[in-house]
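> just coords:
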C-alpha cells in the first residue's frame, strides 16, 4: 500500500507539487531583492509582497500604492513591476493617470517605508509630451509594463507606445529604443551592455509574433534571438548563457487590447541556438513574470500564485516546439 501511494505522488502534475504562494491580488511583476527574497507587485491591492523562496512565507513589504481602474477590466495596472538598486526598492505604476484619473501619475516611485513612497519620474507626462509615430494608439500616457535596472537607473517598456524608455534617478526620461510597428514590448533582461526584450506581438498575439530580441545602447536595429511562442511577457537568464521566456498563452479574440490570454495555455520556454523555443513547463494559468535562482524558476501568475519549478535546465516534462 505504501509503495502504491508513493508511485501515485510521483505521477501527480508537477504544478500541484510546486505551488509556493497563493492569495496574491493582481500579481504581475517580480524581482529578486535583499536577502535573496522574491518581491512581487499586487496591482489590485496596491502593495508589494516579500516572499521567502525556500519556505513560501509571505509578508507585506509596502502598501498604499495607487490602484488602476483597469484592474477591474483586464487585471492589469497600478503597481506592475518592482526593481532594486542596492537595498532600495522602486516600483513601476501605470494606468493610474489620465484618462483613468486626471490626478494620478504614471511613473516610477521609490519605496521610502512600508506606507511611504516618493515619485522619482513622471513617465506619463513624458509619454504625453512625446507621442510615438508610425502606428495608432489610444492612451496618450502609454501603458508601461516592465522595469529593469540599467547603468544606475532604469529601463521601462511601454507596450502601448512600442518603445523602451530610459529613466535616471534624477527623474529624466528619454527614449532608449523605439519600434516603428506594433510589436508590444513587455519583459526585460539586461546582461552587460546587451538588453534582451520579450515581444508579445500585436493582437491576437500569434505564435510567430512572440519573439525574444536583443539590442544595445548604440544599436540602430534589434537582433531576433527566437520566435514562435504566443504573447511573451517576460525573458530571464538562467545558468550560463541560457535564456528563458514566459508565454502567457493563446490570445483571446474579441477582448480589448492588453487583455490576458486564454486560461491554462501559458508556458515557460527555453531559447534554443537555432532561433526556436523548447517548452519547459506547459499549461500555466496566466503567468505574468518569472525569476530564476540557480536552476529553479519562480513563476508569478495573474490569479495570485507563485509556482516553483526545480531543475529547469533538464526538466522531465514539456515538449519541443
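Sure thing, it's come through. On a predicted model such as this, the values are computed, not experimentally measured, just so you know. Numbers count the residues shown, from 1 in each chain.
> Show me the helices in the stretch 151-300 of the chain, by range?
Listed in chain order, the helices found in the stretch 151-300 of the chain under DSSP state H, counting those that start in this stretch amount to none.
> residue contacts, residue 177?
Under the criterion of CB atoms under 8 Å, 6 or more residues apart in numbering, the contact partners of residue 177 comprise 163-164, 195, 215, 222. From N, CA and C alone the C-beta is placed, and that goes for glycine too.
> Residue 33 now?
In this structure, residue 33 makes contact with 39, 50, 82, 84, 89, judged by CB under 8 Å, 6+ apart.
> One more: residue 150?
Under the criterion of CB under 8 Å, 6+ apart, the neighbours of residue 150 are 166, 190, 195.
> So in terms of bridging, what pairs with the second one?
With DSSP bridges applied, residue 190 shows beta-bridge pairing to residue 195.
> My guess is it contacts residue 197. True?
No: counting by CB atoms under 8 Å, residue 197 is not a contact partner of residue 190; they are 10.0 Å apart.
> Which one's more surrounded, those two?
Each of residue 190 and residue 197 had its neighbours counted (other CB atoms under 10 Å), and the higher figure belongs to residue 197 (27 against 15).
> Closest to residue 237 out of the contacts of residue 33?
Sorting the contacts of residue 33 by how near they are to residue 237, with CB to CB, puts residue 84 at the top with 16.7 Å.
> Could you measure from that closest one over to residue 38?
In this structure, residue 84 and residue 38 are 12 Å apart, going by CB to CB, to the nearest Å.
> which residues are common contacts for the two?
When contacts are counted by CB under 8 Å, 6+ apart, residue 84 and residue 38 are jointly contacted by residue 31.
> now residue 108, which residues is it bridged with?
On DSSP bridges, the residues paired with residue 108 through beta bridges are residue 92, residue 121.
> ok, back up a step: show the buried residues in the contacts of residue 33.
For the contacts of residue 33, a burial check counting by 16 or more other CB atoms under 10 Å picks out 39, 50, 82, 89.
> so which of those would you say is closest to residue 131?
Closest approach to residue 131 among the buried ones among the contacts of residue 33 (CB to CB): residue 82, at 27.3 Å.
> Please name the residues that touch the closest one.
When contacts are counted by CB under 8 Å, 6+ apart, residue 82 is found next to 29-31, 33, 39-41, 48, 89-92, 147.
> just curious, which of the contacts of residue 150 is nearest to residue 23?
Minimum distance to residue 23 across the contacts of residue 150 is 31.2 Å, recorded for residue 190 (CB to CB).
> show me what contacts the closest one?
Residues counted as contacts of residue 190 (CB under 8 Å, 6+ apart) are 148-150, 155, 196.
> cool, and residue 121?
The neighbours of residue 121, taking CB under 8 Å, 6+ apart as the test, are 107-108, 167-168, 171-173.
> Output the residues you listed as TSV; include the columns neighbour count, pLDDT and distance to residue 123.
Conversion of these to TSV gives the following (neighbours: other CB atoms under 10 Å; pLDDT from 0 to 100; distance: CB to CB, whole Å):
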residue	neighbour count	pLDDT	distance to residue 123
107	26	98	4
108	26	98	7
167	25	98	7
168	15	98	12
171	15	98	10
172	11	98	11
173	23	98	6
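> Quick one: find the helix or strand in this structure with the lowest mean pLDDT.
Scoring the helices and strands of the chain by mean pLDDT, DSSP states H and E places helix 2-10 at the bottom, with a mean of 34.
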